[in-house]
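J.: this one's structure only:
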């Protein structure tokens, strides 16, 4: 049986015992957290030690919080140094590759690394679609006034709703629910990804102006369920429009 | 830190790599206090800690393009801070640091024993946390205050994961010893 706690002073901690501080801080993965919880429930000595750790944890936070904050001098010094740096050769605007690489970088933490390879691939493909469409949208945000003076009917926001009705391909009555969703201009890639996770949504297609065709789950929904889904989506801060695509 | 914030930190780094000053301001605003506090706990001098954060974020500005996203941005920041803090410490004499310790952080009249006389376990615990060795102080802060996982602490400090666990265990035992010496028994070890 695995050693849960060390009963002898000056010896190495037991496997579970060594994890207690991270359990108190909430930074264990789900599996280890469960193991620690189980051990705490069955080992009163370990539970006593955990109570001591929680006290240390609280006081460490209190101590650090009492240290205050740096003066504005630090920031002034930093930005003076940045201003004195040689100019970057690249543009100050964010390029597509930077946005996408930034997002791909965000997929690298351990939590994602541990997920199944197929799932990770799907997320990455999805991310690239989001990134591409966001960039298209961002480009439009910074278009010049002369370009805005003659917008194409297809890209004008006011025409989008009308253009949606005939757009979707015929869908089977039994098909899963698909919606056209437009995200707010302030929506970040990470926000969109989080929303998709929360609603079990996947990107089916994307068009211009940040418009996505999304599928929600794999089950057929009733009209009421679809209406409820649309209402919930439209209440999301990052969603500016949601309409049924079928 | 939430996964969402970690992801947006990495997007900020990508923008900083492109020379985006606003992204730098956002990243600074988000992390400078924790970087400062981590540095201050290591160097124990506010002036030096303030200089440290300027240097840390200037490094971020310069090195953002090389950031590969293998760890969280906050972990990267703390690793840079630690490196710079140790460099700053090496430049100073131990005697000077000892003097400043008393002035910069432990600027109260009570030692742990006096706090115990006041029966104030909380105060005594904080005193003892401050009295830990830099090595122990650092690991306690990283785990409890900066909420770093075993793997992240290993990366920041540059030691194996098992050593991280045992080092924190011995830091906690040392803390218990200090408290015990001050007359406080907490039931462990």
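T.: Great, that's in hand. Keep in mind that this is a model prediction, so the values were computed, not measured.

J.: any idea how far residue A:201 is from chain B?
T.: Residue A:201 sits 16 Å away from chain B, taking Cβ to the nearest Cβ, to the nearest Å as the criterion. (C-beta placed from N, C-alpha, C; glycine too.)

J.: let me redo that: residue A:187
T.: Relative to chain B, and taking Cβ to the nearest Cβ, residue A:187 is found at 12 Å.

J.: hang on, isn't that residue packed against residue B:4?
T.: No: between residue A:187 and residue B:4 there is no contact under Cβ atoms under 8 Å: 12.0 Å.

J.: which of those two has more neighbours?
T.: Between residue A:187 and residue B:4, residue A:187 has the larger neighbour count (other Cβ atoms under 10 Å in any protein chain shown), namely 20 against 14.

J.: now that one. Nearest residue, chain neighbours left out?
T.: Distance criterion Cβ to Cβ, 6 or more residues apart in numbering or on different chains; nearest residue to residue A:187, sequence neighbours excluded, is residue A:238 at 3.8 Å.

J.: ok, now residue A:214?
T.: Nearest to residue A:214 is residue A:201, by Cβ to Cβ, 6+ apart, at 4.7 Å.

J.: I'd guess residue A:180 is in a strand, am I close?
T.: Yes: assigned with DSSP: H, G, I helix; E, B strand; the rest coil, residue A:180 falls within a strand.

J.: give the bridge partners for it, please.
T.: Bridge pairing for residue A:180 (DSSP bridges) gives the partners residue A:213, residue A:243.

J.: what about it, distance to residue A:188?
T.: To residue A:188, residue A:180 is 20 Å away according to Cβ to Cβ, to the nearest Å.

J.: need the pLDDT of the spatially most central residue of chain B.
T.: The centroid of chain B falls nearest to residue B:38 when counting by Cα atoms, centre = their mean (2.9 Å). Per-residue confidence (pLDDT) for residue B:38: 96.

J.: now do the one 10 residues further on
T.: Note for residue B:48: predicted pLDDT of 94.

J.: find the nearest non-adjacent residue to it, please.
T.: residue B:88 (5.5 Å).

J.: state which helix of chain B is the longest.
T.: helix B:21-43 (DSSP state H).

J.: helices or strands up against that one?
T.: helix A:72-84, helix B:3-17, helix B:46-63, helix B:73-90, helix B:134-140 (3 or more Cβ pairs under 8 Å, 6 or more residues apart in numbering or on different chains; DSSP states H and E).

J.: enumerate the positions of the second one that are buried.
T.: Applying a neighbour-count criterion of 16 or more other Cβ atoms under 10 Å in any protein chain shown, the buried positions in helix B:3-17 are B:3, B:6-17.

J.: now narrow those residues to whatever sits close to chain A.
T.: By Cβ under 8 Å from any Cβ of the partner chain, the members of the buried residues of helix B:3-17 lying near chain A are B:3, B:6, B:7, B:8, B:10, B:11, B:13, B:14, B:15, B:17.

J.: now the residues you listed in a markdown table, with distance to residue A:66 and pLDDT?
T.: As requested, these are exported to a markdown table (distance: Cβ to Cβ, whole Å; pLDDT from 0 to 100):
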| residue | distance to residue A:66 | pLDDT |
| --- | --- | --- |
| B:3 | 29 | 67 |
| B:6 | 27 | 69 |
| B:7 | 31 | 70 |
| B:8 | 29 | 88 |
| B:10 | 31 | 93 |
| B:11 | 33 | 93 |
| B:13 | 30 | 96 |
| B:14 | 35 | 94 |
| B:15 | 34 | 94 |
| B:17 | 35 | 94 |
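
J.: so chain A: which segments form each domain?
T.: Annotated domains of chain A cover A:15-62, A:117-244 [automatic domain parsing].

J.: check these for me: which has the lowest mean pLDDT.
T.: Note on the domains of chain A: lowest mean pLDDT is at domain A:117-244, with a mean of 63.

J.: would you mind measuring from residue A:34 to residue A:41?
T.: Look at residue A:34 and residue A:41: by Cβ to Cβ, they are 11 Å apart.

J.: quick one: which helix or strand includes residue B:180?
T.: helix B:161-181 (DSSP states H and E).

J.: contacts for that helix?
T.: Here helix B:161-181 makes contact (Cβ atoms under 8 Å, 6 or more residues apart in numbering or on different chains) with A:12-13, A:17-19, A:21, A:52-53, A:56, B:112, B:124-125, B:128-129, B:131-133, B:135-137, B:139-140, B:143, B:150-151, B:153-154, B:157, B:159, B:185-186, B:188-189.

J.: 6 Å - rerun?
T.: By Cβ atoms under 6 Å, 6 or more residues apart in numbering or on different chains, the list of residues contacting helix B:161-181 from outside reads A:12-13, A:18, A:21, B:128, B:131, B:136, B:139-140, B:143, B:150, B:153-154, B:189.

J.: what about those residues, which are in helices?
T.: A:18, A:21, B:128, B:131, B:136, B:139, B:140, B:150, B:153, B:154.

J.: the residue nearest to residue B:48 and residue B:47 touch, don't they?
T.: No: here residue B:88 does not reach residue B:47: they are 10.5 Å apart, not a contact under Cβ atoms under 6 Å.

J.: the more surrounded of those two?
T.: residue B:88 (18 against 12).

J.: mean pLDDT for the helices and strands packed on helix B:21-43: which is lowest?
T.: In terms of average pLDDT, helix B:3-17 trails the rest of the helices and strands packed on helix B:21-43, at a mean of 86.
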